[in-house]
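*Asks:* After the sequence you'll find the predicted model.
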Amino acid sequence: LSRLASFLPFFEVIPEILCNLSIPINAQILTSRQQKEDFDTLYSLLHQVHPDLFLYQTQKEFEKKHDSIYSSLNKERNLSDFYFIVSPFVASVKDGHTNFTIPATQDRITYLNNGGLTLPLRLKIVENKILVNFPLISCSIQENDEIICMNNINSQTILSQLYLLLGAEKGNAIKENQLTSYLSTLLWYKYNWGEKYDFTIKRGKKIWKESLDGISQIDAFPVLKARLGKSLPQFVYTLSLDKQTATLQIMNLYQLPQLKQFCDSVFSVINREHVPNLVIDVRNNKGGSSAGVDMLLSYLSHDAYTLYIKTDLKISSYSKRYNEQKHPETYEEIKNLPDGSLFAIRDSFVEGNRDKADIYKGSVTVLVNESTYSGASTFASAIKKSHAGKVLGETGCPTVYFGNYMSFTLPNSRLEYYISLNKFYE
């Protein structure tokens, strides 16, 4: 049995500046035939690989979108325009693990390397708003000012179009981090913005307009490097002044050796000091593996639990290859099954551990938000199932979601995308 729920990585890079680190896509103009070949490939693989394309839409709705897009692929397009057509099609599945990677096209890289201009502000998308993270030049605009209009286009209009590019089961929270990283690039693809920016700014009750010139990557790089160049710690421990509450901030559940080292160290302290209250903060944690979930729970007093009631696996040559490489036990069960069928994996129980002496037995509170996703959401669910503590907030995952993805590349455009193999039932 495979108990691994993978997550889709959300890239924390500076693509509009560090574009030379991305793999450029060279084909800039796609013929109608090339677009249709790519779209046929995409459509076929979605049907072959994904366990349930019709959880959030009917098959009729999905096919209608397909037919509409296919009929529109009757003229030459540049790569970014093609991306803006096919990415919402995949996103309509509403699976945060089934999406296109936002591309770094050769024309974008060439533009920046030849002195092309980009946004003079580092922006961030937070709770359906575009906010200023920090300015890249000297101006009156400050951190956390809200951008309500750019170049005469309302920010809500911009966001509504960008949110369509990425799929998610619930809301837009898990999309916002990736869109933030690529915002300048996406605005260039969509609107060809670079030279001049007319902003409408809101700060409290004050609203004003301000025009700024774009900034070159040479000028922007020192500011971005200083502000974003340092990676944030993934595991943080703090103890309240009265030593009554320990707080663990866990930003991922996939760096298993580091997580184990962190937990071994922290729990030895809080158990020895008999700290009565523990807060585990998994807000903005995008997930990881079920092994990480089990590991973190093993330090807490809990009843028996299962992470998933069952898991559906879509049988295909791809899922067989994936499991042969990563989960040979599952592969032995599915290797002779017909492609297109669903195989139900039943999860095993993890035994309760309340009789153990070296675990934390105080009061446990887990903090989540709508950016708590995938394995982190499963951790919160397991806390409830195992009666290990209480959960405050709502995660970005429903009780049924997808995971264990494979990556693919379209043959002509070379656009990269991911498709989930499994459907998990918590």
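*Replies:* Great, that's in hand. Only a predicted model underlies this, so the values are computations on that prediction, with no experimental measurement involved.

*Asks:* where does residue 346 land on pLDDT?
*Replies:* Residue 346 is assigned a predicted lDDT (pLDDT) of 89.

*Asks:* burial measure for it, as a count.
*Replies:* Other residues near residue 346 number 10, with proximity taken as other C-beta atoms under 10 Å. Placement of C-beta: from N, CA and C, glycine included.

*Asks:* Nearest residue to it in space, please, no chain neighbours.
*Replies:* With C-beta to C-beta, 6 or more residues apart in numbering as the criterion, residue 346 has its nearest non-adjacent residue at 5.7 Å, and that residue is residue 310.

*Asks:* That neighbour - how many residues pack around it?
*Replies:* The criterion is other C-beta under 10 Å. On that basis, residue 310 has 12 neighbouring residues.

*Asks:* wait, what's in contact with it?
*Replies:* Residue 310 is in contact with 344-347, 425, counting by C-beta atoms under 8 Å, 6 or more residues apart in numbering.

*Asks:* and the nearest residue to residue 155 once chain neighbours are set aside, what are its bridge partners?
*Replies:* Closest residue in space to residue 155, ignoring its immediate chain neighbours: residue 130 at 4.7 Å, by C-beta to C-beta, 6+ apart. Residues found in beta-bridge contact with residue 130 (criterion: DSSP bridges) are residue 125, residue 147.

*Asks:* Correct me if wrong: residue 130 contacts residue 160.
*Replies:* No. Using C-beta atoms under 8 Å, residue 130 is not in contact with residue 160, being 11.9 Å away.

*Asks:* These two: which is more packed in?
*Replies:* Here residue 130 and residue 160 are compared on neighbour count by other C-beta under 10 Å; more neighbours surround residue 130, at 24 against 12.

*Asks:* Pull the contacting residues for that one.
*Replies:* Contact criterion C-beta under 8 Å, 6+ apart gives 123-124, 146-148, 150, 155, 158-159 as the residues in contact with residue 130.

*Asks:* got those residues as CSV, with pLDDT columns?
*Replies:* Conversion of the contacts of residue 130 to CSV gives the following (pLDDT from 0 to 100):
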residue, pLDDT
123, 97
124, 97
146, 98
147, 98
148, 98
150, 97
155, 98
158, 98
159, 98
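
*Asks:* with those residues in mind, which one is nearest to residue 29?
*Replies:* Checking those against residue 29 with C-beta to C-beta, the nearest one is residue 158 at 25.9 Å.

*Asks:* Contact partners for the closest one?
*Replies:* With contact taken as C-beta under 8 Å, 6+ apart, residue 158 is in contact with 130, 150, 187.

*Asks:* For residue 331, see how far away the first one is.
*Replies:* Pointing back at residue 130 there. Separation of residue 130 from residue 331 (C-beta to C-beta, to the nearest Å) stands at 46 Å.

*Asks:* Next: the last one.
*Replies:* From residue 187 across to residue 331, the span is 44 Å (C-beta to C-beta).

*Asks:* The two - which one has more neighbours?
*Replies:* Taking neighbours as other C-beta under 10 Å, residue 187 and residue 331 compare with residue 187 leading, 22 against 17.

*Asks:* circling back to that earlier point, with distance to residue 164 as extra columns, can I get the contacts of residue 158 in JSON lines?
*Replies:* Putting the contacts of residue 158 into JSON lines (distance: C-beta to C-beta, whole Å) gives the following:
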{"residue": "130", "distance to residue 164": "16"}
{"residue": "150", "distance to residue 164": "18"}
{"residue": "187", "distance to residue 164": "15"}
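
*Asks:* Tell me how many other residues surround residue 343.
*Replies:* For residue 343, the count of nearby residues is 17 (other C-beta under 10 Å).

*Asks:* One more: residue 420?
*Replies:* The burial metric for residue 420, expressed as a neighbour count using other C-beta under 10 Å, is 25.

*Asks:* confidence score at the closest residue to it other than its chain neighbours?
*Replies:* Setting aside the residues directly before and after it, residue 420 is nearest to residue 402 in space (C-beta to C-beta, 6+ apart), at 3.7 Å. Residue 402 carries a pLDDT value of 96.

*Asks:* which element is residue 402 on?
*Replies:* strand 400-409 (DSSP states H and E).

*Asks:* what does residue 258 give?
*Replies:* Assessed by DSSP H and E, residue 258 sits inside helix 256-272.

*Asks:* outside of that helix, which residues touch it?
*Replies:* For helix 256-272, the external contacting residues (C-beta under 8 Å, 6+ apart) are 234-235, 237, 239, 246, 248, 250, 252-253, 278, 288-289, 291-292, 295-296, 299, 358-360, 362.

*Asks:* and the helix or strand following that helix, which strands flank it?
*Replies:* Moving toward the C-terminus from helix 256-272, the next helix or strand (DSSP H and E) is strand 277-281. Sheet pairing for strand 277-281, assigned by DSSP bridges, gives strand 245-250 (parallel), strand 363-367 (parallel).

*Asks:* can you give me how far the following helix or strand past strand 277-281 is from the chain middle?
*Replies:* Toward the C-terminus, strand 277-281 is succeeded by helix 290-297 as the next helix or strand (DSSP H and E). A distance of 20 Å separates the C-alpha centroid of helix 290-297 from that of its chain, computed with C-alpha atoms, centre = their mean, to the nearest Å.

*Asks:* And for stretch 57-67?
*Replies:* In terms of C-alpha atoms, centre = their mean, the gap separating the centre of stretch 57-67 from the centre of its chain is 25 Å.

*Asks:* what do you get for stretch 173-184?
*Replies:* The chain centroid and the centroid of stretch 173-184 are separated by 9 Å under C-alpha atoms, centre = their mean.

*Asks:* What average pLDDT does it get?
*Replies:* Stretch 173-184 shows a mean pLDDT of 93 in the predicted model.

*Asks:* which ones are touching residue 180?
*Replies:* Taking C-beta under 8 Å, 6+ apart as the criterion, residue 180 is in contact with 123-125, 133.

*Asks:* scratch that, residue 299 is what I was asking about
*Replies:* With contact set as C-beta under 8 Å, 6+ apart, residue 299 has these partners: 263, 267, 359-360.

*Asks:* Would you state the strands of the stretch 101-250 of the chain in chain order?
*Replies:* Ranges of strands within the stretch 101-250 of the chain are 117-118, 121-126, 129-135, 146-150, 153-154, 196-203, 206-213, 215-216, 235-239, 245-250, based on DSSP state E, counting those that start in this stretch.
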